[in-house]
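> Provided below for reference: sequence and predicted model.
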Amino acid sequence: CSCCFICVLAVLINKVCLQVTLEAFIGGSVVLPCSSTKLQDIDVSWRHNGSKIVFDIIPHSTSPVTQDPEYKNRIETFPQEYLKGNFSIKLNNLQHTDAGQYICYIKNSDEYQTVKLIINVSTEQGNQGETDHEGMGPSLSLLVVCIMSPVLLILLIILNVVFWRKKCSSSHGPAGNGMGLATHES
């Protein structure tokens, strides 16, 4: 049972730690990365904060692209890269509302990749940036999870091994190899 728990924990850590965090400025552009090693006829959906349709990549489709109006004419794609498994998109003319989580969902392989976008607001004084702190807390907690999770995983493995050895040695009897006998003085 504890081995199953450790395996599930390792998979969850892998998923959480693979999130990419990008920072960009209002009015600028950013490439949101997404790739797959499984080269096949692939449908890819980009979503913002879980529901907004940013862009759908549907090879060999003649139907018009359906997307939320706020992304219209602001998305660039790289069709020449699709056969290489690269489904990244470029988001232009960034706005404050573009901050948040983007999910690239590769339908036929059930893969998804997460990109967190932090928008920085440019100030007029010397082009210094003032960070939009919305979402900075999760970045710090993500860092803590990614650092602490492997440490906890190793501790769980060690405790599991110690418990297993103790359980096995107790099933062989209390005397074991005879070295635990007490000496009596006369």
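Yep, it's here. Numbering: from 1, shown residues only.
> my read: residue 94 touches residue 118, true?
No - counting by C-beta atoms under 8 Å, residue 94 stays clear of residue 118, with 10.7 Å between them. Heads up, the C-betas are built off the backbone N, CA and C, glycines and all.
> Pull up the overlap in contacts between the two.
Counting by C-beta atoms under 8 Å, 6 or more residues apart in numbering, the contacts common to residue 94 and residue 118 are residue 24.
> so what's residue 114 up against?
Taking C-beta under 8 Å, 6+ apart, one finds 18, 19, 20, 101, 102, 103, 104 in contact with residue 114.
> cool, residue 94 as well?
If a contact means C-beta under 8 Å, 6+ apart, then residue 94 has 24, 25, 26, 27, 28, 29, 30, 119 as its contacts.
> try 10 Å this time
24, 25, 26, 27, 28, 29, 30, 74, 117, 119, 120 (C-beta atoms under 10 Å, 6 or more residues apart in numbering).
> so where's the longest strand in this protein?
The single longest strand within the chain, with elements called by DSSP state E, is strand 111-122.
> Show me what counts as buried in that strand.
111, 112, 113, 114, 115, 116, 117, 118, 119, 120 (16 or more other C-beta atoms under 10 Å).
> mind checking pLDDT for the last one?
Per-residue pLDDT puts residue 120 at 91.
> please begin residue numbering at 313 from this point
Sounds good: first residue 313 from here, last item residue 432.
> That one and residue 480, how far apart?
Between residue 432 and residue 480 the distance is 57 Å, computed by C-beta to C-beta, to the nearest Å.
> can you check the first one too?
As judged by C-beta to C-beta, residue 423 and residue 480 stand 41 Å apart.
> got it, and the fourth one?
With distances defined as C-beta to C-beta, the gap from residue 426 to residue 480 amounts to 42 Å.
> For burial, what's the neighbour tally of the nearest residue to residue 348 once chain neighbours are set aside?
Setting aside the residues directly before and after it, residue 348 is nearest to residue 397 in space (C-beta to C-beta, 6 or more residues apart in numbering), at 4.6 Å. Residue 397: 15 surrounding residues under other C-beta atoms under 10 Å.
> I'd guessed residue 397 sits against residue 349; true?
Yes - here residue 397 reaches residue 349: they are 6.1 Å apart, a contact under C-beta atoms under 10 Å.
> Walk me through the regions of this structure where pLDDT falls short of the threshold, as ranges.
Within the chain, the stretches with pLDDT under 70 are 313-330, 353, 374-376, 435-463, 484-498.
> Nothing else from me, thank you.
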